[in-house]
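[1] no sequence on hand, only this structure:
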């Protein structure tokens, strides 16, 4: 049987979990994820986990933050005064917003803390700094 290699277009089913077993994403209720190995469209640890698999095979891969969404970057966390929000917006922890960077590009942020008149915004990827585990099944090499 052929093994998945760099340049192959593959279809996989996966379930991603945190260390405590909480599922953060799965393809099991939808079509398999299709991508080309080596193009860099997915996190490095996931792609390397698929390399060498044969169709029908399943495996579990544990991915450290460095090979996933990276570490939490403190420079992407900022505290701003609540007066910078429109008057009709009532900031709450967990709210997501799209803001513009100084260069005009959009960036997604989430409110992580409210303290008095100060609002803490985090522009890190929600999975940054986390160890991820994936159960991967190679469905097809296209």
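    All right, it came through fine. These numbers were taken from a predicted model, which means no experiment stands behind them.

[2] could you report the neighbour count for the residue nearest to residue 81 when sequence neighbours are not counted?
    Nearest residue to residue 81, sequence neighbours excluded (CB to CB, 6 or more residues apart in numbering): residue 117, at 5.7 Å. From N, CA and C alone the C-beta is placed, and that goes for glycine too. Per other CB atoms under 10 Å, the neighbour tally for residue 117 reads 9.

[3] measure residue 117 to residue 111 for me?
    14 Å (CB to CB, to the nearest Å).

[4] next: residue 96.
    Going from residue 96 to residue 111 by CB to CB gives 8 Å.

[5] who has more neighbours, these two?
    Neighbours around residue 96 and residue 111, counted as other CB under 10 Å, are more numerous at residue 111. The numbers are 17 against 9.

[6] so which bits of the helix or strand containing the more buried one are buried?
    Applying DSSP states H and E as the criterion places residue 111 in strand 106-115. Across strand 106-115, burial judged by 16 or more other CB atoms under 10 Å covers 109, 111.

[7] strand partners (parallel or antiparallel) of that strand?
    Paired neighbours of strand 106-115 in the sheet (DSSP bridges): strand 96-100 (antiparallel), strand 118-122 (antiparallel).

[8] buried residues in the last one, which are they?
    When neighbours are counted by 16+ other CB under 10 Å, the buried residues of strand 118-122 are found to be 119, 120, 121, 122.

[9] tabulate those in a markdown table, adding columns for pLDDT and distance to residue 90.
    Putting these into a markdown table (pLDDT from 0 to 100; distance: CB to CB, whole Å) gives the following:
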| residue | pLDDT | distance to residue 90 |
| --- | --- | --- |
| 119 | 95 | 11 |
| 120 | 97 | 16 |
| 121 | 96 | 15 |
| 122 | 96 | 19 |
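
[10] where's the residue nearest the centre of the chain, which helix or strand?
    With distances taken as CA atoms, centre = their mean, residue 127 lies nearest the centre of the chain, 5.0 Å away. If you go by DSSP H and E, residue 127 is not part of any helix or strand.
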